[in-house]
Every structure is written in structure tokens, then in C-alpha cells.
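> Requesting a structural model of the entry that follows:
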Amino acid sequence: MAESGEQFLHRKDPKLHTTGPLEHEQIRRKRAGEETSQKPADKIASWLGIIDRTHMGHKDDPRVIERIKDYYHREHVIKPENVPQSYWNLQGEIAVNEGRKQDLINVGVQIAEGPKPTYTFPEELKEPAIRTVISNQEQSLDRWVDYLTSADAQYPMWAKYWAFRSLTKMGKFEKMEDGRTRFANREKNTVSSFPVLNPRALANTIGAMNAKLEERGKPKKEQEPVKNLSTTLAEADFQSLLSTEDFSQLYAQFLAEIPQYSTHGLEETRGKWVKYDQSSDPKPLVASLEGHPLEWCTADIDTARTQLSGGPFHVYYSIDEEGNPNVPRLAIRMEGDRIAEPPRGIAPDQHLDPYISDVLEKKMEEFGSEGQAFKKRAEDMKRLTQVIQKSERGQTLDVSDLTFIYELDTSIEGFGYHKDPRVEEVRSKRNPEDDMPVVFGCSREKIARRVRDINADTKAYVGPLEPGIFDRLPVNMEHVYTSFPESKIRRETIRIGGKTFEQLEQEMEAQGMKISDTTRDMLHSPDFTSLPNSENLDIVRLKIADLGFIKRPTPDQFYAKAKELGLEFCPVEVGPQMRLSYKDQPTGEKVFVAMNRLADSHNRKGIFFLAHGFDGRFWLFSDWDLGVEDVEDNLDNQFVFSLRKFEP
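Take a look at the predicted model:
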């Protein structure tokens with residue numbers, strides 16, 4: 001005899017039968033003269049009967065269902081006062097990364113610098129954002145109520161209760177770097193919507209557990225392993241997962257195994273692009289995303305409505321098992337006729353999956369020069385996939401492969417919110433000491449580790465920066481690192497002089513580069529000067545940590561250490577001049593210019609820094625903290641110094 005669902009629920013929560021609703025039902029039955037039982041499973045069965053009558057018995061009465069939903073909203077949806085500061089910090093961080101810091105300041109957002117900047121939004125901005133968060137949670141929860149009370153959900157009431165109670169404790173769906181998936185725990189301050197509803201994944205989850213309960217009811221000698229319903233897990237791994245009896249873990253696994261999202265399914269890239277017009281009804285867009293294990297916030301109706309109000313939305317759907325273009329793979333959000341942010345994919349952190357780069361690369365041709373800005377990303381993702389496949393086949397990575405994966409010439413850029421985790425995955429399997437001679441094109445003996453080791457045969461330097469190093473290093477030595485591969489010292493030559501601030505300003509604007517208002521003030525400062533004639537300037541670009549600091553230095557300490565190495569302040573014109581020439585700057589990177597400070601219109605004195613925003617635009621900004629005092633974890637901040645002294 002199989003273990004009953006009620007016994008299973010009691011095992012999962014031994015105190016369930018003593019909770020208020022179940023005790024109240026026992027009191028009601030006694031008063032009505034009905035037979036009662038103190039057995040936990042019987043009490044749970046009685047309570048499930050009440051749920052069945054109240055939910056299923058009124059499934060066709062929208063008024064009753066709405067009252068039920070209202071109750072669940074009060075019990076499980078986030079309250080306005082519980083929206084955490086981390087949510088606002090994330091919104092601020094996204095805006096800053098997209099080059100919109102000044103926009104935040106203009107609308108009244110207060111930014112408090114610290115180990116992690118804190119963003120305080122005005123109430124008039126917070127209120128609509130909170131309403132959207134709440135509405136998205138309510139609607140995602142309602143989809144479960146509607147489905148579980150429908151004729152399509154032919155499951156016993158214990159299974160529906162198990163599923164619903166579990167999902168109210170499940171937060172954001174997360175794709176891990178090792179390929180696994182999970183749901184984060186839901187807390188009272190969780191802002192993400194409730195889990196996506198996928199009937200197929202739900203059926204497998206309940207089916208596997210139901211089969212396990214049947215086996216548990218048999219004598220131990222007669223029990224057999226439950227049939228492996230997973231398409232990716234080995235037998236032992238599946239049985240181990242099932243033994244957890246955890247809805248969240250099982251559902252996450254089966255959700256990730258939707259056929260079209262398996263490796264074989266992802267290899268199918270045929271499909272079509274669909275454009276959802278600006279200000280159009282968001283329901284078709286949201287409906288096309290339902291049931292798919294995506295990290296796209298567009299799957300929430302209110303977010304989709306907000307995004308469509310700003311511009312069109314393009315989605316690429318690859319074909320499913322029946323040959324219909326129904327599988328969301330790529331998304332391009334627009335603001336007016338401009339691409340609002342990097343296109344998003346379905347891999348962790350919304351990166352592109354390994355097979356879809358060609359589709360996006362072709363689509364980008366429709367967006368002219370703006371599309372070209374994202375072409376390198378698509379090429380990088382395609383190349384990364386090729387290197388990974390080569391490595392997995394046990395093939396030797398050549399110089400170009402290693403140069404790429406170690407990002408020696410340029411950073412690998414993806415489409416997600418963070419760096420593609422596959423880069424670190426490939427690196428973790430390699431020994432940099434073995435790879436350095438290959439990429440440097442020399443023997444180990446020709447790689448100097450200290451300044452005293454540099455000689456005529458030296459081809460590369462990997463070691464600390466010491467006084468006199470830039471006098472000892474050959475001018476044409478390309479490979480100079482404080483540590484390989486993450487800390488390269490870049491020596492470059494740029495052209496300066498021969499242009500007024502008006503000419504520099506006009507050239508930047510003509511090339512679509514952005515200048516913040518305070519930076520424009522600094523360009524117009526009487527202290528901003530440029531050399532009358534054009535000439536070359538040798539510069540060095542390095543990180544704060546490259547100077548040997550292990551914790552944040554003061555500006556005086558930092559600049560004094562640089563001076564010991566023979567580095568000098570740059571002429572003030574280096575900021576705009578370098579902005580014009582540095583057109584392959586990686587997205588999200590900041591480069592500060594070590595220089596004499598200039599005043600803006602408020603008499604605040606700062607330095608220039610170059611940024612490539614996540615909006616795809618090149619910016620020239622200003623910083624009053626000298627790039628050193630702004631945040632605690634700033635040792636990776638990059639600075640440009642001159643190799644010769646200029647008098648202001």
C-alpha cells in the first residue's frame with residue numbers, strides 16, 4: 001500500500017496538523033456533530049477537503065477566486081515597506097553602468113559613496129517602481145492559482161498543496177556556472193516574481209514524487225528505484241535528487257530540462273524575429289515568454305508594459321519540437337529607435353547561449369553603426385564557444401586561442417550583466433606558467449621576474465613595479481605584467497596638442513561621444529590648456545593594485561608611489577584626446593587620468609575619466625574623488641600617467 005499524500009505532507013512538516021486552520025476545521029466538525037480524528041494524516045485530509053471545496057468548487061465563480069487570490073496576495077506578496085535598499089542600489093548601479101549617473105542626480109537621487117555606493121531615490125520615483133514589483137508578484141502568483149484550480153491540473157489535492165506551498169517559498173530562478181539550476185529562498189524582502197509556471201516540469205515533479213510514495217508503501221525488500229524521468233541526470237544522481245523530496249530542487253531540474261533548452265535543443269537555431277511595437281499591448285509579448293526558464297524581467301506584464309512604452313521590443317524565437325518558432329532565445333529592447341541595452345540571451349546572467357551568436361550578428365546589420373557596436377560581442381561569444389569546444393575535445397590551444405582566452409589584447413565582451421562565467425571556467429583548467437612562454441613567444445628564461453633580471457635577451461616582464469623599471473624596459477617590449485594575465489601594464493603613445501577645447505568638444509560630439517555637464521564645465525575652465533602644436537606623448541596605464549597597494553591608499557600615497565616609479569601627471573588635454581582615440585574600450589571599464597585638477601561651475605575640482613557605458617556609448621566623465629577615495633574596493637581602478645613631466 002502506497003504512502004498517502006497526507007502522510008507525506010506530515011513527514012515534510014510534522015507540525016502541520018497542529019496549525020490554526022487545521023485545528024479550526026476540527027472544532028467546526030465537532031460542533032457539526034461530524035466524526036473527527038486526531039491522527040495527523042486524517043486531520044490533514046480533512047483540511048485538504050476544505051481547500052478542495054473552496055477552490056475547486058468555486059473555480060467558475062470569478063468573485064470567489066478573486067477573494068482567494070486577495071488572501072494569497074496579503075499572505076505572500078512583498079509589502080512596500082519590505083522592498084530592500086539593495087533593490088534601489090541595483091537600479092542605481094544599472095543606471096550608472098549605462099552612463100546615466102547624471103540623469104539620476106538630475107531627478108533627485110542621492111548617491112552616498114562608500115564600500116558600495118548607496119542610492120536614495122525620491123518617494124515619487126519609488127512609489128511606481130514598488131507598485132510594479134508588487135503587481136508582478138501578484139500576477140505571477142495568480143497564474144499558479146488559475147492553473148491549479150483548472151481542469152488541466154489533474155493532480156490530487158495533496159500534490160497541489162505541496163506545489164503551491166513550496167512555490168511561495170521560492171525566489172529567483174538561477175542558472176549556476178556549473179550548469180545546475182536552483183531557486184533562491186524567498187524572504188519577506190524578495191522582489192523577484194514567483195516561479196514561472198511550466199505544466200510539463202510540474203507534471204514530472206509531481207509524477208516522480210507520486211511514484212516515490214508508491215514505492216515507500218511497499219515492504220523494503222520489494223521497493224524498487226523510481227523510473228528516472230530526467231533527461232540529463234545519471235541514475236544515481238536522479239535518485240539522490242528525488243530523495244530530497246524537495247519541490248524546489250525537483251522543479252528547477254525539470255524546468256531546466258525542457259527539451260528545447262537542452263544542448264540538442266539549443267543547437268537548433270532556425271526560427272524568426274518578432275517585433276512588438278512601441279506602446280503596443282504587452283500581453284502577446286508576455287504570453288510568448290510564459291513557461292520558459294528565462295531570467296528576463298520582461299516576462300512580467302508591468303515590466304513589459306513599461307519597456308514597450310519606451311520603444312519597440314524584438315524577440316527571436318527558435319523552432320520547437322513541432323517546428324514552430326516558439327522558443328525565446330534573444331531579446332533586443334529599444335528606446336525609441338536606439339538600442340537601449342546590450343541584447344540579452346538565455347544563458348546565466350542573460351548571456352547568449354553557445355549557438356545563437358550568428359543569428360544576433362546578422363540581426364545587428366539592421367541597426368547600422370549602432371549594431372556594429374555590438375558586433376564584437378557577438379564575435380567574442382562565438383569565438384569563446386569555439387575555444388571551449390576545442391578544449392573539451394582535448395585539442396591544443398594555439399597562440400591566438402590563448403591570447404583570446406587570457407584577454408591579452410582586448411577584453412572578452414558578452415551580453416549579460418556580468419562577465420561570461422565560461423571565461424574563468426576555461427582559465428581554471430590551465431596553468432598560466434605553462435602558457436606564458438607560448439603567448440610571449442619565448443623560453444621561460446627570457447621572462448624577467450625582477451627589474452635586476454632585465455637584460456638584452458628579455459622578451460617579457462612579470463613581476464613587481466620597482467623604481468627605474470620604465471627606464472630599463474625596452475621600448476618595444478609588449479608583455480609587461482605585475483601578475484599574469486590579470487594585471488597588464490599598458491604603455492601607449494597618443495597624439496596631443498594642436499586642438500582647442502572647442503575643437504575637442506565638437507569632435508567628441510560629432511562621433512556620438514557623450515560629455516557629462518560637469519565635465520563640460522571643466523573643459524571650459526580657464527585652467528584647461530592644450531599644446532599649440534601636435535606631438536606624441538608616451539603614457540602608461542595601470543591599476544592601483546599594480547603599485548603594490550593591498551588596501552585603499554589616500555590620493556597622496558597613491559600619487560607619491562607613482563612618482564617613485566618615474567610616472568608623472570598627464571597634461572589636462574589627455575582626457576578628451578584619449579577619449580577620441582580609445583574606441584575599443586571594453587564595456588563597463590573606467591580609465592582615470594592622473595592630472596592637475598580642474599574646477600567645474602560649482603568650483604568642485606576633479607579629474608577626467610573615460611567610460612564605455614552599457615548603453616554602448618563612449619563617455620567623458622569627471623571625478624572629484626580622484627578615482628581613489630570613491631569606493632573601498634577600488635584597487636582595480638585604472639589610471640593613465642605620463643612618462644615625462646609637464647608643467648601646468
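> use CA for all of it now, contacts and neighbours both
Will do.
> Can you give the domain ranges for this protein?
What the record gives for the chain is the domain set 1-57, 489-642, from automatic domain parsing.
> in the sheet, who's paired with the closest residue to Trp624 other than its chain neighbours?
Leaving aside its sequence neighbours, Trp624 sits nearest to Gly606 (CA to CA, 6 or more residues apart in numbering; 4.1 Å). Applying DSSP bridges to Gly606 yields these beta-bridge partners: Leu598.
> Buried by neighbour count: which residues of the longest helix seen in the chain qualify?
The helix that spans the most residues within the chain, counting by DSSP state H, is helix 123-148. Of the residues in helix 123-148, those buried by neighbour count under the rule 16 or more other CA atoms under 10 Å are 130, 132-142, 144-145, 148.
> who does that helix touch, helix- and strand-wise?
helix 62-76, helix 301-310 (3 or more CA pairs under 8 Å, 6 or more residues apart in numbering; DSSP states H and E).
> how far away is Lys561 from Gly394?
For Lys561, the distance to Gly394 under the criterion CA to CA, to the nearest Å works out to 45 Å.
> the more surrounded of these two?
Residue environment comparison for Lys561 versus Gly394 gives the larger neighbour count to Lys561, 19 against 9, counting by other CA atoms under 10 Å.
> Please name the nearest non-neighbouring residue to that one.
Closest residue to Lys561 apart from its sequence neighbours, by CA to CA, 6+ apart: Leu547 at 6.9 Å.
> One more: Asp420?
Residue nearest to Asp420 in three dimensions, not counting chain neighbours: Gly414, with 6.2 Å by CA to CA, 6+ apart.
> quick one: that neighbour and Val640, what's the gap?
Distance, Gly414 to Val640, by CA to CA: 26 Å.
> next one: Val423
Relative to Val640, Val423 is positioned 27 Å away (criterion: CA to CA).
> swap in Arg579?
Arg579 sits 12 Å away from Val640, going by CA to CA.
> would you list the domains of the chain in a markdown table and tack on mean pLDDT?
Putting those into a markdown table (pLDDT from 0 to 100) gives the following:
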| stretch | mean pLDDT |
| --- | --- |
| domain 1-57 | 79 |
| domain 489-642 | 87 |
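> Any idea which of the ones you listed gets closest to Phe121?
Taking CA to CA as the measure, the domains of the chain were each checked against Phe121, and domain 489-642 came out nearest at 19.7 Å.
> re the thing from before, which one's more surrounded, Arg579 and Val640?
Neighbours per residue (other CA under 10 Å) separate Arg579 from Val640, with Val640 holding more: 26 against 22.
> Show the contacting residues for the more buried one.
Contacts for Val640 were tallied using CA atoms under 8 Å, 6 or more residues apart in numbering; they are Ile539, Val540, Arg541, Leu542, Cys570, Val591, Phe592, Val593, Ala594.
> which one among those residues gets closest to Lys551?
Proximity of the contacts of Val640 to Lys551, judged by CA to CA, is greatest for Leu542, which lies at 16.0 Å.
> Wasn't that closest one part of a helix?
No - following the definition DSSP: H, G, I helix; E, B strand; the rest coil, Leu542 is strand and is not counted among the residues of a helix.
> Look up the residues forming beta bridges with it.
Note on Leu542: beta-bridge partners by DSSP bridges are Phe639.
> quick revisit: between the contacts of Val640, which has the most around it?
Val593 (29 neighbours).
> what sits opposite it in the beta ladder?
Beta-bridge partners of Val593, as defined by DSSP bridges: Val640.
> Quick check: the two most widely separated of the buried residues of helix 123-148?
The widest separation within the buried residues of helix 123-148 (CA to CA) is 27.6 Å, between Ile130 and Leu148.
> Now do the contacts for Met56.
Met56 makes contact with Thr149, Ser150, according to CA under 8 Å, 6+ apart.
> Also Arg305?
Taking CA under 8 Å, 6+ apart as the test, what Arg305 contacts is Ser279, Asp281, Pro282.
> and the last one, what are its phi and psi?
The phi and psi values for Pro282, taken as degrees, to the nearest 10, are phi -80, psi -10.
> which one is it nearest to, not counting chain neighbours?
With CA to CA, 6+ apart as the criterion, Pro282 has its nearest non-adjacent residue at 5.3 Å, and that residue is Arg305.
> Mind pulling up the pLDDT for that neighbour?
Among the per-residue scores, Arg305 shows a pLDDT of 89.
> How much space separates it from Ser280?
Taking CA to CA as the measure, Arg305 falls 8 Å from Ser280.
> shouldn't the residue nearest to Trp624 be in contact with Phe621?
No - with contact defined as CA atoms under 8 Å, Gly606 does not reach Phe621; the gap is 9.9 Å.
> And the two? Which one has more around it.
More crowded of Gly606 and Phe621, by other CA under 10 Å: Phe621, with 27 against 22.
> pretty sure that one belongs to a helix, no?
No - secondary structure of Phe621, determined by three-state DSSP: strand, with no helix assignment.
> What residues are bridge-paired with it?
Legend: beta-bridge partners of Phe621 under DSSP bridges are Phe609.
> Please verify my assumption that it contacts Gly613.
No - using CA under 8 Å, Phe621 is not in contact with Gly613; the gap is 11.0 Å.
> now the angle from the biggest strand by length in the chain to helix 301-310?
With DSSP state E applied, the strand covering the greatest number of residues in the chain is identified as strand 325-335. Between the axis of strand 325-335 and that of helix 301-310 there is an angle of 50 degrees, by axes from the mean of the first three to the mean of the last three CA atoms, to 10 degrees.
> Fine by me, we can end here.
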